[in-house]
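Novice: Can you look at this prediction? I've put the sequence above it.
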Amino acid sequence: MNIVTCVAPVNIAVIKYWGKRDENLILPINDSISATLHTDHLCAKTTVMASADFKEDRIWLNGKEESINNKRLQNCLEEMRKRAKLTTDIGSWKVHICSENNFPTAAGLASSAAGYACLVAALAGLYNVEDNISAVARSGSGSACRSVFGGFVRWYMGSEPNGSDSIAKPLVSPDHWLEMRILILVANDESKKVPSAIGMKRSVETSDLLKHRAEILVPRKVDGITKAILEKDFPKFAELTMKDSNQFHATALDTYPPCVYMNDTSHAIVELVHAYNEASKEIKVAYTFDAGPNATLFLLEKNVAEVVGVVKHFFPPRIEGDVGVEYLKGIPVESTKIAEDLIKRIDVKRQDAGKLKYLIHTRVGDGPKILRDQKDHLLDNSGLPLRINN
């Protein structure tokens with residue numbers, strides 16, 4: 001059948017990509033490093049179908065038809081069709097695309113990275129393309145090039161004007177650091193006011209700090225965190241991750257007009273993490289924030305239950321009637337009673353109920369994968385979505 005369904009992961013950068021040296025080719029001003037999250041808990045799912053009977057290309061995102069003429073989308077389609085013509089005739093057929101996320105879109109959770117990585121991986125399956133597809137994914141969304149691999153991934157900024165060497169490569173496999181766990185703390189799942197593409201362009205044009213960060217500071221951090229990952233040195237990994245997040249948001253504030261992505265809840269999470277680490281007399285957890293208010297926490301498996309308990313104490317869930325909303329999603333966490341003396345040593349204010357909407361507990365995972373079961377397709381036999389949102 002000329003239909004392929006694929007899932008692809010979200011990735012969370014621990015050394016951030018912020019700023020392009022070429023807007024059209026999406027070439028970054030610095031290297032970046034990310035962790036690929038498990039597709040069981042956060043992923044994009046995309047079905048692509050090609051047919052000689054289709055009159056035009058069409059795309060549906062989360063149940064709503066969108067314009068197919070988006071420039072970045074066209075970049076991906078055109079490049080994959082070029083490669084398809086080397087192997088099959090269906091590269092000339094029109095395609096229907098249907099994509100869904102199982103997490104909020106445009107809320108700072110790397111939805112575009114998962115979406116474009118999924119699209120390109122699905123097209124590669126449809127067209128029998130076996131090349132490295134990271135550069136094609138990059139042409140859709142810069143960080144998408146990191147989502148085509150599992151484990152920890154490095155995106156090399158490259159130096160060639162045509163971007164041929166600006167590709168992602170895996171640093172370590174998903175099995176390298178099996179003890180690593182990730183908690184996503186969703187403070188706000190609404191779209192951000194300043195999209196990343198606009199914020200980056202503004203920062204490149206106006207922030208002196210960004211230039212210093214890209215040229216001087218990031219290369220040192222990339223080397224340092226690579227060493228920490230290879231050696232599974234959590235304290236060093238955590239320190240570098242938090243410092244880079246802080247510096248990225250300082251750069252956003254150094255932009256003119258400033259880009260503000262964190263909110264009061266975000267800052268309260270930062271305060272809690274540092275207070276918890278201090279009370280524990282060791283670094284047990286690290287935060288990082290992409291261009292949005294939601295926090296990603298990195299921690300080791302042995303500390304998950306305690307950290308979840310601490311977060312739940314200081315950010316209690318909203319109670320609706322007699323039923324608590326689903327507060328913890330993803331990998332189940334055994335409930336544990338937090339020692340009262342630990343709570344007393346954590347010198348921060350307890351937040352009002354509902355400041356965090358929910359938590360997602362996940363781990364490092366693989367890159368995109370093809371789903372072989374026909375029940376997984378998002379398009380019916382005529383190429384129309386099975387689910388439509390009006």
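Specialist: Perfect, I can see it now.
Novice: C-alpha only now, for contacts and for neighbours.
Specialist: OK.
Novice: Going along the chain, name the helices of the stretch 101-250 of the chain.
Specialist: Ranges of helices within the stretch 101-250 of the chain are 111-127, 134-140, 196-206, 208-212, 218-231, 234-254, based on DSSP state H, counting those that start in this stretch.
Novice: out of the ones you listed, nearest to residue 330?
Specialist: For those, the distance to residue 330 is smallest for helix 111-127, at 17.4 Å, taking Cα to Cα.
Novice: From the contact counts, what lies against that closest one?
Specialist: Applying 3 or more Cα pairs under 8 Å, 6 or more residues apart in numbering; DSSP states H and E, we find helix 111-127 packed against strand 3-9, strand 43-51, helix 71-84, strand 94-101, helix 134-140, strand 369-371.
Novice: let's go with 7 Å and repeat that
Specialist: strand 3-9, strand 43-51, helix 71-84, helix 134-140 (3 or more Cα pairs under 7 Å, 6 or more residues apart in numbering; DSSP states H and E).
Novice: Work out the gap between it and the centre of the chain.
Specialist: 14 Å (Cα atoms, centre = their mean, to the nearest Å).
Novice: For residue 33, see how far away residue 373 is.
Specialist: Separation of residue 373 from residue 33 (Cα to Cα, to the nearest Å) stands at 33 Å.
Novice: of these two, who's got more company?
Specialist: residue 33 (27 against 9; other Cα atoms under 10 Å).
Novice: Any chance of the helices of the stretch 101-250 of the chain in a markdown table with mean pLDDT and distance to residue 6 as columns?
Specialist: Shown next, in a markdown table, are the helices of the stretch 101-250 of the chain (pLDDT from 0 to 100; distance: least, Cα to Cα, whole Å):
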| stretch | mean pLDDT | distance to residue 6 |
| --- | --- | --- |
| helix 111-127 | 94 | 5 |
| helix 134-140 | 95 | 14 |
| helix 196-206 | 95 | 25 |
| helix 208-212 | 97 | 36 |
| helix 218-231 | 98 | 29 |
| helix 234-254 | 98 | 30 |
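Novice: Can you convert these into TSV and add a column each for mean neighbour count?
Specialist: Compiled in TSV, the helices of the stretch 101-250 of the chain are given as follows (neighbours: other Cα atoms under 10 Å):
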stretch	mean neighbour count
helix 111-127	28
helix 134-140	27
helix 196-206	18
helix 208-212	17
helix 218-231	16
helix 234-254	19
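Novice: and those helices as CSV, adding distance to residue 183?
Specialist: Formatted as CSV, the helices of the stretch 101-250 of the chain follow (distance: least, Cα to Cα, whole Å):
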stretch, distance to residue 183
helix 111-127, 17
helix 134-140, 26
helix 196-206, 22
helix 208-212, 28
helix 218-231, 18
helix 234-254, 14
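Novice: Ok, which of these comes nearest residue 360?
Specialist: Here helix 111-127 is closest among the helices of the stretch 101-250 of the chain (Cα to Cα), at 15.1 Å.
Novice: Export only the CA atoms of that closest one, formatted as PDB.
Specialist: Extracted in PDB, the C-alpha atoms of helix 111-127 (Å, rounded to 0.1, in the frame of the first residue of the first chain):
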ATOM      1  CA  SER A 111       5.900  20.100  18.900                       C
ATOM      2  CA  SER A 112       7.400  21.300  15.600                       C
ATOM      3  CA  ALA A 113      10.500  19.200  16.100                       C
ATOM      4  CA  ALA A 114       8.400  16.100  16.600                       C
ATOM      5  CA  GLY A 115       6.000  17.000  13.800                       C
ATOM      6  CA  TYR A 116       8.600  17.600  11.100                       C
ATOM      7  CA  ALA A 117      10.800  14.600  12.100                       C
ATOM      8  CA  CYS A 118       7.700  12.500  11.900                       C
ATOM      9  CA  LEU A 119       6.700  13.900   8.500                       C
ATOM     10  CA  VAL A 120      10.100  13.300   7.000                       C
ATOM     11  CA  ALA A 121      10.400   9.800   8.500                       C
ATOM     12  CA  ALA A 122       7.000   8.900   7.200                       C
ATOM     13  CA  LEU A 123       7.900  10.200   3.700                       C
ATOM     14  CA  ALA A 124      11.100   8.300   3.800                       C
ATOM     15  CA  GLY A 125       9.100   5.100   4.500                       C
ATOM     16  CA  LEU A 126       6.700   5.900   1.700                       C
ATOM     17  CA  TYR A 127       9.400   6.700  -0.800                       C
END
